[in-house]
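Visitor: show me how the following folds:
(one chain, ligands or ions: 2)
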Amino acid sequence: MTAPLKLALVGLGTVGQGVVELIQRNGEVIAARLGRSVRITGIAVRDLTRARDVNVADIPVTDDAMALARDGDYDVLVELIGGETTARAVTEIAFSRGKSVVNANKALIARHGNELLAQAESAGVGIGFEAAVAGGIPVLKALREGLVGNQVSALAGIINGTSNYILTQMGSKGQAFADALADAQRLGYAEADPTFDIEGIDAAHKLTILASLAFGIPLDFDALSIEGISAITPQDIRIARELGYAIKHLGIAKREADGGVSLRVHPTLVPTEHLLAKVDGVLNAVLMRGDGAGPVCMTGAGAGRLATASAVLADIIDLGRSGAGIAPPLGQPVVGLKAVTIHPAQDAASAFYLRLRVADAPGVLKGITSVFAELDISIEAIQQREPREGDDATVALITSETTGQRIADAVARIEVLPFVREQLARIRVEHFEA
Ligand code: NDP
Ligand code: HSE
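Guide: Ligands and ions are numbered 1, 2, ... in the order given. A predicted model of the protein is given here:
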């Protein structure tokens, strides 16, 4: 009888409890597929008195994560506490003992992955982080294995479940931003610090990982352009819908003609008929374009207890099968990855949605459109709404494709016009090939 695969589970919160539940529920099928059973031999938590909704009565539980990593009897350490300090420390202890690690920790991988993966390579152990990107969607495995024979030219995705949930609730239920965020926290979707979700940082962590796999480049979180959803208003969602668009928070990675890449996360107007526009609630979706496969889109739950646990288990089982994993986690050894130029979002071309509050006076539209004419930016659609508050009217427009820099110039000129009442809202518009 083959010995069980032994796990040390560091963290027993939303995802940790999901992992315990799935192992308890699917133990037999997992054993049949792996060729041996999976057994949790120790658990570390922060608060030993906190009630758990899974039965771990037979498993020793400690509040000393470092001791479990250092002295525990395990083959794979499963780090599900998040953050970069203790998470990194237990990971390095496991590596130093020749043990593999699985986590769902995009912050740790995006910011310290180059060093951690190099350490794992030199220790001859594995590290899996499928759950770090897009929850239950096996997108890293798809890039690493299913699309291994392709050159990926671009990918775009809804990769933060909390932001997508909030935008959906604001748009379809008229829920206030703060209430939708509170619901996402209650449902276990949000990060410990939810500003990571709503300011685009979590999506940027994930895009960093996706881009590294897609383009074979080192992880470089600091090079990304990042914008979250905190400035999106119900009015923008409503106007966008009237103009034929949904507002989605996207991570976009493109290979540019000079061999560099552009990496950006920001709210985006997506045509309502496009499949990304139809991905609502906590669902995520990643659309990838390979030179052989063409467009490939994967969708599924981007956060939540069991969906994330599903991805954690996939890594555990892979590592249990092969020791150091089937393929290197970033598709090729991290030490061989070559850095390329990462272009700032200002250089990226797209159409733009702009909304501004203006005095309801003659000549206003002419004043605005003449700025665009001077800068050689065409306007594809323009809408003036009846004044609702005092004498102010709202003008919304969609430009033709132009660069972020040129729009910044136009906005700077328009904002100083005497009839403009407040800062313009500015959101990119993307029309995807598929
Ligand atoms: P939770 O906050 O629900 O759980 C964190 C767990 O870690 C808790 O059990 C906590 O203990 C424990 N913990 C925290 N610090 C320590 C420490 N120093 N020593 C020992 N235990 C500690 O987080 P999640 O389960 O939501 O997230 C875990 C990871 O999964 C994060 O990296 C997150 O980004 C990632 N993730 C989460 C998803 C989700 O849907 N929630 C989806 C994808 C990834 P205690 O319970 O006693 O407080
Ligand atoms: N907070 C993250 C999200 C969890 O909402 O997408 C999944 O990574």
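Visitor: low-confidence ranges, the stretch 251-400 of the chain, go.
Guide: 323-326, 387-390 (pLDDT under 70).
Visitor: which residues in it form helices?
Guide: 305-322, 364-374 (DSSP state H, counting those that start in this stretch).
Visitor: tell me the most buried of those?
Guide: Comparing those on average neighbours per residue, with mean count of other C-beta atoms under 10 Å, the densest one is helix 305-322 at a mean of 22. Placement of C-beta: from N, CA and C, glycine included.
Visitor: would you mind listing what in this protein touches ligand 2?
Guide: 135, 160-162, 189-191, 197, 202, 302-303 (C-beta under 6 Å from any ligand atom).
Visitor: tell me the most packed of those, by neighbour count.
Guide: residue 160 (36 neighbours; other C-beta atoms under 10 Å).
Visitor: got a list of what the nearest residue to that one once chain neighbours are set aside touches?
Guide: Nearest non-adjacent residue to residue 160, counting by C-beta to C-beta, 6 or more residues apart in numbering: residue 203, 4.3 Å away. By C-beta atoms under 8 Å, 6 or more residues apart in numbering, residue 203 lies in contact with 159-160, 163, 226, 228, 249, 251, 265.
Visitor: let's go with 10 Å and repeat that
Guide: 106, 133, 157-164, 196-197, 224, 226-229, 249-251, 265-266, 284 (C-beta atoms under 10 Å, 6 or more residues apart in numbering).
Visitor: tell me how many other residues surround residue 57.
Guide: 7.
Visitor: what helix or strand is it on?
Guide: Using DSSP states H and E, residue 57 sits in no helix or strand.
Visitor: ok, which residues in the stretch 301-434 of the chain are in contact with ligand 1?
Guide: Residues of the stretch 301-434 of the chain lying near ligand 1 (C-beta under 6 Å from any ligand atom): 303-304, 308.
Visitor: pLDDT wise, what is residue 110 at?
Guide: You'll see residue 110 listed with a pLDDT of 98.
Visitor: list the contacts for it?
Guide: Contacts of residue 110 (C-beta under 10 Å, 6+ apart): 84, 129, 132-133, 201-202, 204-209, 211-212, 219-222, 224.
Visitor: now do it against ligand 1, distance only.
Guide: 11 Å (C-beta to the nearest ligand atom, to the nearest Å).
Visitor: quick check: phi and psi on that residue?
Guide: As for residue 110, its main-chain torsions (degrees, to the nearest 10) stand at phi -60, psi -40.
Visitor: what do you get for the one 10 residues further on?
Guide: As for residue 120, its main-chain torsions (degrees, to the nearest 10) stand at phi -60, psi -40.
Visitor: my read: it touches residue 101, true?
Guide: Yes - using C-beta atoms under 10 Å, residue 120 is in contact with residue 101, at 7.4 Å.
Visitor: among the contacts of residue 203, which are in helices?
Guide: 106, 161-164, 196-197 (DSSP state H).
Visitor: what is the most widely separated pair among those?
Guide: Farthest apart among the ones in helices among the contacts of residue 203 by C-beta to C-beta are 106 and 164. That separation is 15.9 Å.
Visitor: about what we covered before: among the contacts of residue 203, which are within reach of ligand 1?
Guide: Counting by C-beta under 6 Å from any ligand atom, no member of the contacts of residue 203 is near ligand 1.
Visitor: which ones are touching the residue of the chain positioned farthest from its centre?
Guide: Distance to the chain centre peaks in the chain at residue 362, reaching 44.9 Å (criterion: C-alpha atoms, centre = their mean). Applying C-beta under 10 Å, 6+ apart, we find residue 362 in contact with residue 419.
Visitor: return the member of the residues of the stretch 301-434 of the chain next to ligand 1 nearest to ligand 2.
Guide: residue 303 (3.6 Å; C-beta to the nearest ligand atom).
Visitor: isn't that closest one right up against residue 282?
Guide: Yes - Residue 303 sits in contact with residue 282 when judged by C-beta under 10 Å, with a separation of 5.5 Å.
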